[in-house]
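Asker: Generate a structure from the sequence data that follows.
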Amino acid sequence: MNDQSPAMKLVHLLRAVTVEFDLLGAEFAASNGLHPTDVRALIHLLDAARDDTPATPGWLGRQMRLNSAGTTALVDRLERLELVRRTKDTVDRRRVLLEVEEKATELGWSFFGPLIAEVVAVGEEFDTGELETVRRFLTSVLQSAQQARTA
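Answerer: Below you'll find the model as predicted:
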């Protein structure tokens, strides 16, 4: 492949953005006594809440690619840190749901809020059509990455 093609330049830029976000996530984790796995779990749980997806320990384990014991240890740790709580499902009382505590959301916003505001401001410099193109591109890249991970 031609390293100078427009598509390859996007690949390199996307990799650089990914590395920066990963470094920020690691800095956030370290500054709050968390493991990077804890941060990824919180992101999955926040995304689930935003999408109205019931987040059970089994669901989280599948997202994180953890076995049952690893998932239990992760949830126990997040619960001890008062970042996540287990609640009974009101529809199926046998099922346990995981919910992110307000403390976790506040921690995240205090660290990532300025960056999120900056990214939103940058996005507002683009017109609707440009943003739709970026959304389609990133959605396709995400799907490709997910397929590669499950292959």
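Asker: make it CA atoms for all contacts and neighbour counts henceforth
Answerer: Fine.
Asker: The helix or strand where Arg136 lies - what's its average pLDDT?
Answerer: Here Arg136 sits within helix 128-150, counting by DSSP states H and E. On average, the pLDDT along helix 128-150 is 94.
Asker: Spatially central residue in the protein, please.
Answerer: Ile43 (3.4 Å; CA atoms, centre = their mean).
Asker: Can you show me the helices along the protein?
Answerer: Using DSSP state H, the helices of the chain run over 6-31, 36-50, 57-64, 68-80, 102-123, 128-150.
Asker: I'd like to know which of those is closest to Asp89.
Answerer: helix 57-64 (12.2 Å; CA to CA).
Asker: so what secondary structure elements neighbour that closest one?
Answerer: helix 36-50, helix 68-80, strand 96-100 (3 or more CA pairs under 8 Å, 6 or more residues apart in numbering; DSSP states H and E).
Asker: circling back to that earlier point, turn the helices of the chain into a markdown table, columns for distance to Arg94.
Answerer: Formatted as a markdown table, the helices of the chain follow (distance: least, CA to CA, whole Å):
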| stretch | distance to Arg94 |
| --- | --- |
| helix 6-31 | 33 |
| helix 36-50 | 20 |
| helix 57-64 | 13 |
| helix 68-80 | 17 |
| helix 102-123 | 25 |
| helix 128-150 | 30 |
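Asker: right, so of those, which gets closest to Arg95?
Answerer: helix 57-64 (9.3 Å).
Asker: what's the spacing between that closest one and its chain's center?
Answerer: Computed by CA atoms, centre = their mean, to the nearest Å, the chain-centroid distance of helix 57-64 equals 13 Å.
Asker: neighbouring contacts of that helix?
Answerer: 40-41, 44-45, 67-68, 70-72, 75, 96-98 (CA atoms under 8 Å, 6 or more residues apart in numbering).
Asker: so which pair among those residues is furthest apart in space?
Answerer: Across these, the longest distance by CA to CA is 19.9 Å; it joins Arg40 and Val96.
Asker: Provide a list of residue ranges in the protein with pLDDT below threshold.
Answerer: Within the chain, the ranges that satisfy pLDDT under 70 run 1.
Asker: 90 - rerun?
Answerer: Along the chain, the model assigns pLDDT under 90 to residues 1-4, 89-94, 146, 149-151.
Asker: Break this protein down into its domains, please.
Answerer: Domain ranges of the chain: 1-31, 36-103, 112-151, per automatic domain parsing.
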